[in-house]
Structure formats: structure tokens, C-alpha cells
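[1] The amino acid sequence is not available; the structure is as follows:
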Ligand SMILES: Nc1nc2c(ncn2[C@@H]2O[C@H](COP(=O)(O)OP(=O)(O)O)[C@@H](O)[C@H]2O)c(=O)[nH]1
Ligand SMILES: [Mg+2]
């Protein structure tokens with residue numbers, strides 16, 4: 001179903017504004033039927049020049065970009081981990097995410113109340129982080145109780161898990177995230193299985209006001225950057241308000257305003273690209289008749305698994321993959337010419353897909 005990025009943050013920081021802007025990016029909804037069912041989920045396209053070039057070469061009538069799922073998770077307030085506000089439902093949503101986009105308020109407006117009075121990026125981030133840590137702690141407590149019971153006379157693995165859980169619990173209990181816990185590879189694998197909220201990768205998104213756009217680095221962005229750098233997380237600043245308006249405009253008008261504001265690229269595209277890279281995703285392309293399509297998979301995905309992304313039958317009945325790097329195809333001039341030259345390689349199921357590969361799957365049903 002694709003990779004899920006969840007918008008989290010305090011109420012009134014601009015999550016829904018950002019979400020609305022993202023959901024207006026053009027993508028063919030019919031291909032993603034579930035997107036119409038859930039109002040808080042947007043399918044957003046990943047802009048890719050290579051896809052456009054490949055599509056141009058084969059005179060595509062249909063161009064389907066790779067996509068990310070963005071989920072607008074209802075606002076988090078103090079006490080959410082104890083069930084306040086939307087509490088547990090909210091937390092359950094986060095558990096399903098591959099990546100969190102932590103939105104921080106960077107705009108000031110007397111009309112929009114701030115949940116705790118003044119905007120203070122560092123404190124706001126801390127509130128959200130703390131709620132997630134508390135939720136993880138109560139999860140770990142339950143887990144520890146269970147392990148405790150089975151650990152009596154239990155196997156070595158159970159004892160090891162118990163030891164690890166205790167260490168992790170102490171770590172979180174000092175206000176740190178599971179992300180920042182350093183353990184062995186084996187320990188990390190166990191922790192990953194726990195699906196803790198604070199082990200999700202995070203990108204900080206500072207939602208700045210229009211008047212901040214002209215500044216080199218607004219104060220809030222700087223404050224968030226310092227925090228983020230310390231934990232190795234990326235930061236992006238975006239004016240969600242303006243992005244939404246830009247998205248609605250005809251291209252010419254949009255270009256005019258982007259120049260006025262000194263924007264080289266739509267912030268939405270920068271954000272999606274960043275999320276894509278941060279998730280460790282690569283793109284492969286398929287051509288079917290007159291359709292050129294891009295697919296997002298994790299780095300290291302094999303040809304057979306990649307086939308499964310396109311269709312379950314293709315993975316089950318996988319025979320081989322014919323592969324050509326996108327630039328090689330462009331250089332050849334056409335698909336027919338590439339075939340004639342014999343530059344399509346035949347690869348087996350264990351072939352590791354590369355970013356920019358064009359793949360033709362051979363399979364039996
Ligand atoms: N002045 C100003 N208001 C904004 C900006 N971004 C969002 N808002 C307003 O802030 C309020 C809360 O935004 P919303 O997206 O609903 O926040 P959420 O609670 O995080 O989903 C709304 O009234 C928005 O119109 C901005 O950049 N500048
Ligand atoms: Mg909202």
C-alpha cells in the first residue's frame with residue numbers, strides 16, 4: 001500500500017493546512033481506490049524528471065508517478081498517552097507509520113490561539129516527544145510484565161529480551177527516545193519489532209508565516225535545527241498556507257508568485273523528496289504499452305520483491321526481469337533500438353533493483 005508518513009504535532013500548528021495542500025497535488029485517484037475512503041489520507045506524487053523523460057521517449061499517454069501516503073493524525077495534547085483528547089486512537093495511528101513528520105508552529109498570528117500561550121518551538125517539541133515517550137513506557141511496562149512471567153525458567157532468548165527491555169525502559173525513563181538507544185544489531189532488531197512510537201524516524205517541519213519567507217533563517221527554524229541536529233533528524237521549513245494557494249494557481253501565476261517570494265521549488269515537493277530519501281527509498285520504472293510508471297521500494301529490494309509491488313501474481317510466478325538503466329534507454333533512442341542492440345540485461349529473482357532501472361518482468365500465472 002505504500003509508505004506512510006504521519007503528520008504529528010500540537011493542535012493549531014498547521015498540520016491540516018499542510019495536509020490539504022499536499023492532497024491537492026495532482027495524482028490519478030482511480031489508481032489508489034482506498035484514498036477516497038479515508039479523508040485524512042492523501043496520496044501524494046513524487047516528482048521525478050527521469051519518469052517524464054522516459055515517458056516522452058515512448059510517447060506515453062499515461063504517466064504514473066511513485067507516491068507516498070500522508071496521514072493527518074489528529075492533534076496531540078498533553079495527556080494523550082493517558083487517553084486525553086483522542087488519546088489512544090491517535091497513538092495507534094502513529095504505530096502504523098513508517099515516518100513521522102513532526103510539524104512545529106513557526107508562524108505567529110493573534111487570530112490562531114496557541115495551545116500553551118506563546119509559541120516556543122523547543123518546548124512544543126518536548127511536549128509531543130514526552131507524550132510519545134510516556135506511551136512507549138506504558139507499552140513497555142505491559143510487555144515487561146508478560147516477559148517476567150515467561151522468564152521464570154524460560155529460555156535464554158526470553159531472558160535476553162527481558163534484560164534489553166529493562167535497559168530500554170531506563171533509557172526512555174530519562175526522557176530519551178527509543179531512536180537514540182544504541183544497542184547491538186540484534187538488540188535493534190528486537191526493538192524494531194516492538195514498533196515503539198519513539199523509534200520511528202522523524203523529520204521536523206517548521207510551518208513558517210509568509211512574512212518569514214524573506215528571512216535567511218527565521219528564529220524558530222534555527223531553534224528547531226539545533227534540536228534536530230543533535231538527534232540527527234532533518235529539518236525543513238515550509239509555508240503551508242502559501243503552498244496551498246500556490247497549488248491552486250495556474251502555472252504562470254504560480255511561477256510569478258514563486259519568484260516574488262524567492263522560492264526555487266514548491267516546498268511540498270521538497271518535503272516529499274526529503275521524506276522519500278529519508279525513508280531510504282529508490283525508484284524503478286515500468287513501461288506497459290503506453291504507460292510509464294514509477295515505483296518506490298526500499299533500497300536493497302530484489303527483482304522478485306519488486307515484481308510483487310506491481311502485482312502479487314508477478315511475484316508468485318516470477319521468472320526473470322529484463323532490465324535497462326533509464327539513461328541507456330534514452331541514449332538508445334527507442335525501446336525497439338535498445339532491444340535490437342541487445343542492451344536489455346536478463347536478471348534473476350535475487351537481482352537487487354537499482355535506482356533508475358527500467359524493468360520488464362517476465363512471469364507465468
Ligand atoms: N497566519 C497564519 N495562519 C496559519 C498558517 N498556517 C496555518 N494557519 C492557521 O492556523 C489554524 C490552525 O491550522 P490547522 O492546519 O488546522 O492546524 P492543525 O490543528 O495542526 O491541524 C488555521 O486557522 C489555519 O488557517 C500560517 O502560515 N499563517
Ligand atoms: Mg488538524
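    Looks like it arrived, so ask away. All figures in this text were calculated on a predicted structure; none of them were measured in a lab. Ligands and ions are numbered 1, 2, ... in the order given.
[2] Look at the closest residue to ligand 2 within the stretch 101-250 of the chain and give its secondary structure.
    Nearest residue of the stretch 101-250 of the chain to ligand 2: residue 103, at 9.5 Å (CB to the ion). All C-beta atoms are positioned from the backbone trio N, CA, C, and that covers glycine. Classification of residue 103 by DSSP: H, G, I helix; E, B strand; the rest coil places it in strand.
[3] Kindly state the beta-bridge partners for it.
    Residue 103 has these beta-bridge partners by DSSP bridges: residue 205.
[4] Could you do residue 44 as well?
    Assigned bridge partners for residue 44, using DSSP bridges, are residue 68.
[5] Tell me if I'm right that it and residue 275 touch.
    No: assessed by CB atoms under 8 Å, residue 44 is found out of contact with residue 275, at 9.2 Å.
[6] joint contacts of the two?
    Residues touching both residue 44 and residue 275 (CB atoms under 8 Å, 6 or more residues apart in numbering) are residue 68.
[7] Settle it for me: which of these two has more neighbours?
    A count of neighbours by other CB atoms under 10 Å puts residue 44 above the other of residue 44 and residue 275, at 27 against 24.
[8] Now do the contacts for that one.
    Residue 44 neighbours (CB under 8 Å, 6+ apart): 22, 23, 25, 27, 67, 68, 69, 70, 268, 272.
[9] and these, which of them are in helices?
    Judged by DSSP state H, the contacts of residue 44 include 22, 23, 268, 272 as members of helices.
[10] ok, and the closest non-adjacent residue to the third one?
    With sequence-adjacent residues excluded and distances taken as CB to CB, 6 or more residues apart in numbering, residue 268 is closest to residue 243, at 5.3 Å.
[11] Test my guess that that neighbour contacts residue 20.
    No: between residue 243 and residue 20 there is no contact under CB under 8 Å: 9.5 Å.
[12] the more surrounded of the two?
    Set residue 243 next to residue 20 and count neighbours by other CB under 10 Å: residue 243 wins out with 25 against 16.
[13] what about the strands in the stretch 251-365 of the chain?
    281-288, 291-298, 318-325, 345-347, 357-363 (DSSP state E, counting those that start in this stretch).
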